[in-house]
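**Q** The following block contains a protein sequence and its predicted model.
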Amino acid sequence: MPVITYRQALNDTLRAELTRDENVFLIGEEIGQFEGSYKITAGLLDEFGPTRVRDTPIAEEGFVGAAIGAAMMGLRPVAEIMTINFSLIAMDQIVNHAAKIYGMFGGQTPVPMVIRTPGGGGQQLGATHSQNLEVWYAHVPGLKVVAPSTPADAKGLLTAAIRDDDPVIFLENLSLYNTKGEVPDGEQVTEIGKAAIAKEGTDITVIAYSRASVIAVETARKLEEEGISVEVVDLRSLRPLDRQTVCESVRKTSRAVVLEDDWLSYGVGAEISATVMEGAFDYLDAPVRRVAAAEVPLPYAKPMETAALPDAQDLTKVIREQLEATSFFR
Amino acid sequence: MADTTDTTADGGAAAGASWDNEQSEVLLDYYRQMVLIRTFEQTASEMYKRAKIGGYCHLNSGEEATVVGLMAALERRDYLFTNYRDHGYALCRGMEPGAVMAELFGKSTGVARGLGGSMHMFDTEVRMLGGYGVVGGQLPVATGAALALTYRGEAGTEAEALMCQLGDGTTNIGAFHESLNLAAIWDLPIVYVIVNNRLGMGTSVEAASGEPELYKRGASYRMEGDRVDGNDVVAVREAAAAAMHRARTERKPFLLEAMSYRLKGHSVVDPERYRSSESSEEAKESDPLPAMRDWLLAQGVLDEDKADQIESDADQQVDDAVSFADSSPDPDPADLFDYSYATDVANAPHTLPGEPVVEMP
C-alpha cells in the first residue's frame, strides 16, 4: 500500500473528485495561483482551470455564502477556509444558512457542500490563529463535522463529504499535513458518523480525534512496552457522534480518558464524559478524565504555548493516574 | 434605462406617467395582484392577533406596487431570493395563497411544510429560493446561486438570471458589500433590488447610511445602479426588466433601488412609536393602491363595479386561503427528524428532550 502524507491524500482526493464529477468545484482564498496557504490545492488550477478552482477575495462570509447558494443550485462546492479561526467571519452563513436551508424550507433543497479548514495550535501563530473551534460547529444540527487523523481517513472522509448532500465541516490540522500513512489506491469512501478503533486494548480507553488521536496512538504504543494495553477510539466524526463505539470500548476497559485539542470547558470531552455516564456508568472503575487545552488565549512564546497545549506527556500522566486510582499496578 | 426611471424619484403617489402605452389587461392584472397582497396582509395581521400565526410577521402593506412590478419583470426561468418581508413575492411568483397562509399557520400543507414560517417562503417549483430571516443573509447565498447559473449555460436572451431583494438597512451590513464585490468581479447575472421603505425597523435611512442614496453604493464595485419610484408599478417593472435583461444577456450585475413606503410597523407587533405623524401621513398619501384605482377609474379601464369585484375576489381568495390553512393538519411531531439531513448518516441524533441518548444492548 502506498505511504503518502495527509496533505497528498487531500490533494489526490480533490483531484479525483474534480475528475469524477463536473459539478464539483473548489472555492476559497489563495487556492489557485497561490496553490493554497498550506498547498493542499497544489497543481489543481493548472489542471482544472479557474472555473473549477475559483480564487476569491478575502471575504469569508461572501464566498462561503456563495458556496451555499451554488450548492442549492446543484453544484458541489468544496470551500477552503484558510484556518478555522477565519470561519468565525462566515459564522452566519454556516450556522444560519448552510445548516438551516434543508430543514427550514421543508426538505426542498439540499446543500451539498464541504468546508475544509485546518485548526490547531503549536505553530507559534498566536492567540487568534491557533484555535480549535470545531466544537462550535459540532454543536449545530444540520451540519456534519468530520475530523480525520490519518491520511487514509483524510481520503475516505473527504470523498464521503464531497458526495454527501449535506454541508460537511471537514476539519484538518496544521500539524497533521506532513504526517504519513498507508493509503489504499482506488476509491475509498469512509462512512461519516462512525468512530474507529485506532488501536485495540483492554486496560483503558483513550477517546480522541484529529491530531489528538495520533498522539493517543503513539502513547498507546509506548505504554504497551510496559504491559499497559490502551485502546484508542478515534472519533473521526464529531457530528453525528458515534456514542455506541465509545461506550462499548469503555464497557470493555472500565477506564476512560479523553484527549482533545480544544479548550476543556464545554468541549468534546465534556460531551464524551456525559455519554459514558449514560452508556457505561456501571462499568466505570473511575471517573472519566479529560486532557484538554488550558483555558487561555494561546500565547506566542514557545514555553507558554507548549505548557497550554495537551501532549503525550500529559496524556501518559493521566493514564497512569487512572490506572493507579483503580489498583491496576498491584 | 433613462426613459423608464427617474433617479430623483422619491416615491410619491405616482400613477399614470408611464402607463399610457400599457394594455388595460396588463394594468388590471397588476392591480388585481396588488389588491390580493393588500388583502392577504390585512388578513395575516388579523390572524396574527387571533393567534393563528406566531413568531414574527412582516407585511408588504404599502409596498405592493414595488412587489408586483418586480415580479412582473421576472421570467418563469428566473430565480428569486428575498428577505423576510416575503409574502407578496411568494404570491406573485405563483405560490398558492392557501399554501402561503398555511405556512403562516404552521401547517403541514404550507409551502415549507410549516417548518419555516412567515420569513421563510420557499418553493423550488416557482424558483423562489427563500425568504431569509437574517438581515443580509440572503445576499451571499443569492450571489452563489447566480454564480451557479454561469456554470449552467451561456449568456443570452434565453438565459436564466436572478433577482435578490433586500431592505434599505441591509446596505449597511458586510454581507451586502462582499456580495456586490463578488458579483462585480465574477460578472454574475444578478440584480440586487433594495426596497427602500425609508425605515430599517425604526431607524431612518439618513441616520443609518453614509450614502443615503443607496443605489449609489454599487459605485464602489463599478456596479451600475438606478433609483425608481416604487409606487409606480410600471416604472418598477421597466427598470427591473431592463436590469434583468442586461444580467441575462451581458452577465452584468445591477443595483436597483425602489423608493417605497411601509404602511404599517416593521412587523405586526410594532406600534411605531418612533414614527412621526408626518411619516405615517406621507406613507398613507403615497399608498399605491388608491392611486392606481383612481387612475384606472379615470381612464375608464375600471368602473366602480369592476373595482368592487376585484376587491371581493381578493377577499374570497384570502378567505379560501384561511379556510384551507385552518383545516389543514398540523405537522406530526413524529416526523421531527425527517429533514435533519438530506443524506442519511450513522448515529444521527433522534432523541426528544428527556429521552436516553445512548441505547446500549
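**A** Arrived safely, thanks for sending.

**Q** neighbours of the residue lying closest to B:A112 once chain neighbours are set aside, just the number please.
**A** Spatially, and ignoring its direct neighbours in sequence, B:A112 is nearest to A:G106 (3.9 Å; CB to CB, 6 or more residues apart in numbering or on different chains). For glycine as for every other residue, the C-beta is placed from the backbone atoms N, C-alpha and C. A:G106 has 22 neighbours, counted by other CB atoms under 10 Å in any protein chain shown.

**Q** Tell me the predicted confidence for A:G106.
**A** A:G106 carries a pLDDT value of 98.

**Q** Next: B:M1.
**A** 37.

**Q** what's the answer for B:A13, then?
**A** Looking at B:A13, its pLDDT is 50.

**Q** now B:D20
**A** According to the prediction, B:D20 has pLDDT 84.

**Q** Please apply the same query to B:S280.
**A** On the pLDDT scale, B:S280 gets 85.

**Q** what does A:P303 give?
**A** For A:P303, pLDDT reads 98.

**Q** repeat for the one 5 residues further on
**A** The per-residue pLDDT reported for A:A308 equals 98.

**Q** The residue in chain B that chain A sits nearest to is in what secondary structure piece?
**A** Per CB to the nearest CB, the residue of chain B with the smallest distance to chain A is B:P140, at 2.1 Å. In this structure, B:P140 sits in helix B:138-152 according to DSSP states H and E.

**Q** Let me know whether B:G55 touches B:H120 as I believe.
**A** No. Using CB atoms under 8 Å, B:G55 is not in contact with B:H120; the gap is 10.3 Å.

**Q** follow-up on the earlier one: which strands and helices lie in contact with the helix holding B:P140?
**A** Counting contacts by 3 or more CB pairs under 8 Å, 6 or more residues apart in numbering or on different chains; DSSP states H and E, helix B:138-152 packs against helix A:60-72, strand B:79-82, strand B:128-131, strand B:162-167, helix B:174-185, strand B:190-196.

**Q** Nearest approach to A:G126 belongs to which of the ones you listed?
**A** A:G126 lies closest, by CB to CB, to one member of the helices and strands packed on helix B:138-152: helix A:60-72, at 19.0 Å.

**Q** how about that closest one, does it reach chain B?
**A** Yes. Counting by CB under 8 Å from any CB of the partner chain, chain B is contacted by helix A:60-72 at A:61-72.

**Q** coming back round to it: who has more neighbours out of B:G55 and B:H120?
**A** Between B:G55 and B:H120, counted using other CB under 10 Å, B:H120 has the larger neighbour count: 22 against 12.

**Q** since we're on residue 227, how many residues are nearby?
**A** Since you didn't name a chain, this refers to chain A. 8.

**Q** I was after chain B.
**A** Other residues close to B:R227 by other CB under 10 Å number 24.

**Q** Over to the one 10 residues further on?
**A** The local packing count at B:R237 equals 24, with neighbours defined by other CB under 10 Å.

**Q** give the contact list for the residue sitting furthest away from the middle of chain B.
**A** In chain B, the residue that sits farthest from the middle, by CA atoms, centre = their mean, is B:P361; the gap is 52.5 Å. Not one residue lies near B:P361 by CB atoms under 8 Å, 6 or more residues apart in numbering or on different chains.

**Q** biggest strand in chain A, by residue count?
**A** Counting by DSSP state E, the longest strand found in chain A is strand A:256-263.

**Q** returning to that earlier point: give me the pLDDT value at the residue of chain B closest to chain A.
**A** Note for B:P140: predicted pLDDT of 98.

**Q** those strands in chain B, which residues are they?
**A** Counting by DSSP E, chain B has strands at residues B:79-82, B:128-131, B:162-167, B:190-196, B:199-200, B:203-204, B:224-229, B:254-259.

**Q** Relative to the last one, what are the paired strands and their orientations?
**A** In the sheet, strand B:254-259 lines up against strand B:190-196 (parallel), strand B:224-229 (parallel) (DSSP bridges).
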